[in-house]
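K.L.:
Mind folding the following:
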Amino acid sequence: MKRTQRIVRAQPRSHRIPFVKGALSAALAAAALVPLAGHAATITIATLNNPDIIELKKLSPAFEKANPDIKLNWVILEENVLRQRATTDITTNSGQFDVVTIGTYEAPQWGKRGWLSPMTGLPANYDLDDVVKTARDGLSYNGTLYALPFYVESSMTYYRKDLFQAAGLKMPDQPTYDQIKQFADKLTDKSKGQYGICLRGKAGWGENMAYVSTVVNTFGGEWFNEKWQAQLDTPEWKKAVGFYADLLKNDGPPGASSNGFNENLTLMSSGKCAMWIDATVAAGMLYNKAQSQVSDKIGFAAAPVAVTPKGSHWLWSWSLAIPKTSKQQDAAKKFAAWATSKEYIEMVGKDEGWASVPPGTRKSTYARPEYKQAAPFGDFVLQAIESANPNDATLKKVPYTGIQFVGIPEFQSFGTVVGQSIAGVVAGQTNVDTALKAANAAADRAVKQAGYQK
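P.N.:
Next up is the predicted model:
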């Protein structure tokens, strides 16, 4: 931050006031804490371009009005780019960002390495005990909280009640993948631009692999065995990925390998998809009449299962963290606390409607009559979040934690490589066997080099 240079004129020696050394130090220290008149502390926020964050930016002038000494500088990025930029900033100590939007993958690891400031000393009215325990645990390392959850999600199945009824179909509370395929085949009508299913196809460890990992889990597969040997070139992975790719090719929209969360949200809310399996956070957007053309036609069910229910629905939290390199620690923490507070949730409820408030973070939200009435999915989503278990997400025992990711630093790199291979299968550029052989080699090489294999 550039400060206006102040000119200090020298005084005659006889007029100078003698300072005690300690008093001078104290005065200078105090002055350093007070911005010069007319100069606000600017905090730069790295975040992602989804509807909940856009709403946060829209309402943020209220924070600036209440805190005239703080200005907000927004850097809003596509999800994969955000992850790259935030990781680069934190690992190189560049200090470009004061607040970073990260998740349950990064927070414990970065906290462990001392890259994040602990979220201690929060205002008394923040009421940390009101924050859902699953969310707090997922963002902590050794009992210390390193990020505040903006929203928390699991995954679920969305479907068009009107299309199901017209076709004489009934969605069970807990569908299987075999049933999902049968429904998708019957409901696809490409001549009308109606697709039986929409799924993530865009390459990225947090895009297509977030979803594909849950398919692999429930089909009985895992990323690594107990000896840290990669398991991607196995019958379970081949069956899961083959099923997923064929489902998208036969019943999905064109160009599915380019579709991530935002693209599928647009397709579903504009009436193009009969089903969509994705994040629970989308429920509020699909039920919002201002955002969704099918708000009165949406039904929901659990994420599908195959041979095991384990790891069939994920756990994630987009959260606000403060890098240790930020020079605006207090201002950054004040903003993070405001953006994840009860007060902010109240603001969204009044502005967007209670169905659209950030979900999964606070028990008090789920107790509110306004939320219960506006969000018929509320209790279902909370149960999905609380039942997702990152410590027991696979049929066989594994040496890692995480449902839709492997909780080690190297995953960010090899997970994206695997995502690219699988996107190639969906796009018809390669086949399952070739893609998974290459993916297995990449995963194996990464953990060998990192010393996990003994």
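K.L.:
and the most centrally placed residue in the chain, what is it in contact with?
P.N.:
What sits nearest the mean C-alpha location of the chain, by Cα atoms, centre = their mean, is Trp318, with 3.8 Å. Neighbouring residues of Trp318 by Cβ atoms under 8 Å, 6 or more residues apart in numbering: 48, 52-53, 101-103, 149-151, 153. Bear in mind the C-beta positions are built from the backbone N, C-alpha and C, glycine included.
K.L.:
redo that, cut-off 6 Å
P.N.:
For Trp318, the contact set (Cβ atoms under 6 Å, 6 or more residues apart in numbering) comprises 101, 103, 150-151.
K.L.:
Could you spell out the sheet neighbours of the strand or helix carrying it, each with its direction?
P.N.:
When elements are assigned from DSSP states H and E, Trp318 belongs to strand 316-321. Based on DSSP bridges, the strands next to strand 316-321 in the sheet, each with its direction, are strand 99-102 (antiparallel), strand 148-153 (antiparallel).
K.L.:
Just the residues contacting the last one, thanks.
P.N.:
Read that as strand 148-153. Contacts with strand 148-153, where a contact means Cβ under 6 Å, 6+ apart, come from 52, 119, 135, 279-281, 316-320, 336, 340, 358-361, 385.
K.L.:
Pull out the buried residues from those.
P.N.:
Those of these that meet the buried threshold are 52, 119, 135, 279-281, 316-320, 336, 340, 358-361, 385, by 16 or more other Cβ atoms under 10 Å.
K.L.:
circling back: of all the strands paired with strand 316-321, which lies closest to Ala443?
P.N.:
strand 99-102 (22.7 Å; Cβ to Cβ).
K.L.:
Which strands or helices does the helix or strand just after that closest one pack on?
P.N.:
Counting by DSSP H and E, the next helix or strand C-terminal to strand 99-102 is helix 106-112. Applying 3 or more Cβ pairs under 6 Å, 6 or more residues apart in numbering; DSSP states H and E, one finds that helix 106-112 makes contact with strand 140-141.
K.L.:
and if we set it to 8 Å?
P.N.:
Helix 106-112 is packed against helix 79-91, strand 140-141, strand 316-321, with contacts defined by 3 or more Cβ pairs under 8 Å, 6 or more residues apart in numbering; DSSP states H and E.
K.L.:
so can I have TSV of these showing distance to Asp189 and mean pLDDT?
P.N.:
Converted to TSV, the helices and strands packed on helix 106-112 look like this (distance: least, Cβ to Cβ, whole Å; pLDDT from 0 to 100):
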stretch	distance to Asp189	mean pLDDT
helix 79-91	31	94
strand 140-141	48	96
strand 316-321	33	98
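K.L.:
winner for burial among the ones you listed?
P.N.:
Looking across the helices and strands packed on helix 106-112 with neighbours counted as mean count of other Cβ atoms under 10 Å, the highest average goes to strand 316-321: a mean of 26.
K.L.:
could you give the angle of that one to helix 79-91?
P.N.:
Taking axes from the mean of the first three to the mean of the last three Cα atoms, to 10 degrees, one finds strand 316-321 and helix 79-91 inclined to each other by 40 degrees.
K.L.:
Dump strand 316-321 to CSV, restricted to CA.
P.N.:
Once side chains and other backbone atoms are set aside, the C-alpha atoms of strand 316-321 remain, and they are given as CSV (Å, rounded to 0.1, in the frame of the first residue of the first chain):
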residue,chain,number,x,y,z
TRP,A,316,-16.0,-30.7,1.1
SER,A,317,-16.0,-27.2,2.5
TRP,A,318,-15.1,-24.1,0.7
SER,A,319,-13.5,-22.0,3.4
LEU,A,320,-11.7,-18.8,4.1
ALA,A,321,-8.1,-19.0,5.4
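K.L.:
Tell me the gap between the next helix or strand after that strand and the middle of its chain.
P.N.:
For strand 316-321, the succeeding helix or strand toward the C-terminus, using DSSP H and E, is helix 329-339. Centroid displacement of helix 329-339 relative to its chain, using Cα atoms, centre = their mean, to the nearest Å, is 19 Å.
K.L.:
switch to numbering from 16
P.N.:
All right, first residue 16 from here; so that's helix 344-354.
K.L.:
so whatever helix or strand comes next after helix 344-354 versus strand 163-168, what angle?
P.N.:
Next helix or strand after helix 344-354 toward the C-terminus (DSSP H and E): helix 357-367. On the basis of the same axes, to 10 degrees, helix 357-367 is oriented at 50 degrees to strand 163-168.
K.L.:
where does the chain have low pLDDT?
P.N.:
16-54 (pLDDT under 70).
K.L.:
Would you mind splitting it into its domains for me?
P.N.:
The chain is divided into the following domains under automatic domain parsing: 56-168+330-389, 170-329+405-464.
K.L.:
Quick one: end-to-end length of the first one, please.
P.N.:
Read that as domain 56-168+330-389. For domain 56-168+330-389, the first-to-last residue distance is 38 Å (Cα to Cα, to the nearest Å).
K.L.:
And for stretch 200-214?
P.N.:
Using Cα to Cα, the end-to-end distance of stretch 200-214 comes out at 15 Å.
K.L.:
Give me the contacts around that stretch.
P.N.:
So stretch 200-214 is contacted by 175, 178-179, 182, 184, 195, 198-199, 226, 259, 262-263, 265-268, 271, 274, 279, 282-283, 287-293 (Cβ under 8 Å, 6+ apart).
K.L.:
how about CSV for the helices and strands packed on helix 121-127, with distance to Lys325 added?
P.N.:
Shown next, in CSV, are those (distance: least, Cβ to Cβ, whole Å):
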stretch, distance to Lys325
helix 94-106, 26
strand 155-156, 23
strand 331-336, 17
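K.L.:
closest one to Gly126 among these?
P.N.:
Between Gly126 and the helices and strands packed on helix 121-127, the shortest gap by Cβ to Cβ is with strand 155-156, which sits at 4.2 Å.
K.L.:
Now do the following helix or strand past that closest one: distance to the chain's middle.
P.N.:
From strand 155-156 onward toward the C-terminus, using DSSP H and E, the following helix or strand is strand 159-160. Relative to the mean C-alpha coordinate of its chain, strand 159-160 is positioned 18 Å out (Cα atoms, centre = their mean).
K.L.:
and strand 159-160, what does it pack onto?
P.N.:
In terms of contact count using 3+ Cβ pairs under 8 Å, 6+ apart, strand 159-160 is assigned no packing partners among helices or strands.
K.L.:
Repeat the analysis, applying 10 Å as the threshold.
P.N.:
If you count contacts as 3 or more Cβ pairs under 10 Å, 6 or more residues apart in numbering; DSSP states H and E, strand 159-160 packs onto helix 121-127, helix 148-153.
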